[in-house]
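1. Predicted coordinates and the sequence they were generated for:
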Amino acid sequence: MPGPFFVAAMPDPGRRRSAANSPHGIVTNPWPISFRLQGTFTKVQMSLHNQQGHLPPMIRFALLAPLAFAVAGPAAAQSLEGAAFGAGVSSLGLYASGSYEVMPKLRLRGVVAGAPDLQYEGDEDEAGTEITLDGNFVSVAALADYFPYANGFRVSGGVFFLAENTLDGTGSGFEADDGTSYDAATVTASARFEQDVAPALAIGYQGGLGGGWGFETEIGVIAIGSVEVDLDGTSGEAGAREAQFQSDLAAVEADANDMGESLPVWPWLSIGVTYRF
């Protein structure tokens, strides 16, 4: 008999002005939001690009803008003074960041985080379920960091670009909530964040280790709205049996979306190292 099948919607991933100045230095994991879909999971893919295979323009801008700030400061286009870079792990996977101090106590920061080429193949459980994951998780953020005190404490706000982040899969076999089994069924599933562009708030701290190197840590939330789940499939049978399957599948989808609505925010956690010029 096919067993329980779970899709986890993951969901996700610096600086130095001078030795005497600005102590100023981010990250993005998955809360498991899952729905029960009985069967064997055969394929999961995450789509992170638009239909032309490219990152959307807003995401490209958010990713490249901090680098432009770092390479060409307002005072001297050839100077890296005021620029910083960071890397580490986060609740959305590995991350890299670039930032620039635009004025005292204020930095602009861009972050890209994720787990590219993620693959997972689980063992068959006692109910006969096998799970295989194959996809990429990528998120891009544009943030402003404010340092209210003469130390490394910061308050940050901005947006995360989450468009096109979807988790898709197909499975065979299905069991309804009441225990009815559809061994010949095939089901496709998709999970995504409700908000394509999600506001975020966070607090963090960065400290120096000497020689321009430092560390940073951050905690906050991303207002994703909810996790939306879509299910489609066929029982492989005809007549009343197929009609009952569609009703049972719709009930599982409704349960999954109810669970997704209980997650209006996503955690933003990070820790990493920084280098400030």
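-> Received, thanks.
2. And the residue lying closest to residue 152 once chain neighbours are set aside, how far from residue 219?
-> Distances taken as C-beta to C-beta, 6 or more residues apart in numbering put residue 206 closest to residue 152, at 4.3 Å, once the chain neighbours are dropped. (C-beta placed from N, C-alpha, C; glycine too.) Separation of residue 206 from residue 219 (C-beta to C-beta, to the nearest Å) stands at 13 Å.
3. More neighbours: which of those two?
-> Between residue 206 and residue 219, counting by other C-beta atoms under 10 Å, residue 206 is the more crowded of the two (26 against 15).
4. The more buried one touches residue 156, doesn't it?
-> No - using C-beta atoms under 8 Å as the test, residue 206 is too far from residue 156 to be in contact (11.1 Å).
5. if we can go back for a sec, and the residue nearest to residue 152, how close does it get to residue 143?
-> Distance from residue 206 to residue 143, by C-beta to C-beta: 13 Å.
6. would you list every one of the strands in this structure?
-> For the chain, the strands defined by DSSP state E cover 40-47, 83-90, 93-103, 106-121, 132-146, 153-161, 166-175, 181-193, 197-210, 213-222, 227-234, 266-276.
7. closest one to residue 258 among these?
-> The closest of the strands of the chain to residue 258 is strand 227-234. By C-beta to C-beta, the value is 9.7 Å.
8. Show me what that closest one packs onto, helices and strands only.
-> strand 181-193, helix 240-261 (3 or more C-beta pairs under 8 Å, 6 or more residues apart in numbering; DSSP states H and E).
9. Tell me which residues are up against that strand.
-> Contact with strand 227-234 is made by 7, 9, 33, 35, 37, 174, 185-194, 242, 245, 249-250, 252-253, 256-257, 259-260, 263, as judged by C-beta atoms under 8 Å, 6 or more residues apart in numbering.
10. Check which residues of stretch 240-249 are buried.
-> The neighbour-count check on stretch 240-249 (16 or more other C-beta atoms under 10 Å) flags 245, 248, 249 as buried.
11. Closest to residue 223 out of those residues?
-> The closest of the buried residues of stretch 240-249 to residue 223 turns out to be residue 249 (C-beta to C-beta; 29.9 Å).
12. so that closest one touches residue 174, yeah?
-> Yes - Residue 249 lies in contact with residue 174 (C-beta under 8 Å); the separation is 7.0 Å.
13. intersection of neighbour lists for these two?
-> Both residue 249 and residue 174 are in contact with 187, 233, where contact means C-beta under 8 Å, 6+ apart.
14. ok, the closest residue to residue 143 other than its chain neighbours - contacts?
-> Nearest residue to residue 143, sequence neighbours excluded (C-beta to C-beta, 6+ apart): residue 158, at 3.5 Å. Going by C-beta under 8 Å, 6+ apart, residue 158 touches 109, 141, 142, 143, 144, 199, 200.
15. Nice, that's everything, thank you.
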